[in-house]
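Visitor: Got a predicted structure plus its sequence, pasted below:
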Amino acid sequence: MAKKKIHIENTVRKLRFNNNEMTQLELADLVGISRQTVVAIEKYKYTPSLELAFKIALAFNKEIQEVFYIGK
């Protein structure tokens, strides 16, 4: 039986703009990653580790499921 890959989506871009229009670089510096990694996360080209996902959620003072969720 083939395993179906889970597509994880996020609200990072929306949260940045709702948080005083935080830049990708500001978020990257806050959680200890590169700006390019933020770009990849926002474009769904990179799924962060669980630790990084929690760091990003905490940066926005949100629960992890408010930031990352299973897409269709």
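Guide: Sure, I can see it. This is a predicted model, so every value here is computed, not measured.

Visitor: leaving aside the residues next to it on the chain, what's closest to the residue nearest the centre of the chain?
Guide: Taking Cα atoms, centre = their mean, the centroid of the chain lies closest to residue 12, which sits 4.8 Å from it. Once flanking residues are discounted, residue 12 sits nearest to residue 42: 5.3 Å by Cβ to Cβ, 6 or more residues apart in numbering. Every residue, glycine included, has its C-beta placed from N, CA and C.

Visitor: Could you pull up the residues touching that neighbour?
Guide: Contacts of residue 42 were listed using Cβ atoms under 8 Å, 6 or more residues apart in numbering, and they are 10, 12-13, 24.

Visitor: Residue 2 versus that one, what's the distance?
Guide: If you measure residue 42 against residue 2 using Cβ to Cβ, to the nearest Å, the figure is 29 Å.

Visitor: Also residue 63?
Guide: Residue 63 sits 32 Å away from residue 2 when distances are taken as Cβ to Cβ.

Visitor: Comparing those two, which residue is more hemmed in?
Guide: A direct count of neighbours by other Cβ atoms under 10 Å for residue 63 and residue 2 places residue 63 higher, at 11 against 4.

Visitor: what sits against the more buried one?
Guide: Residue 63 is in contact with residue 57, counting by Cβ under 8 Å, 6+ apart.

Visitor: if we can go back for a sec, what is the most widely separated pair among the contacts of residue 42?
Guide: Spanning the widest gap among those are 10 and 24, at 13.3 Å by Cβ to Cβ.
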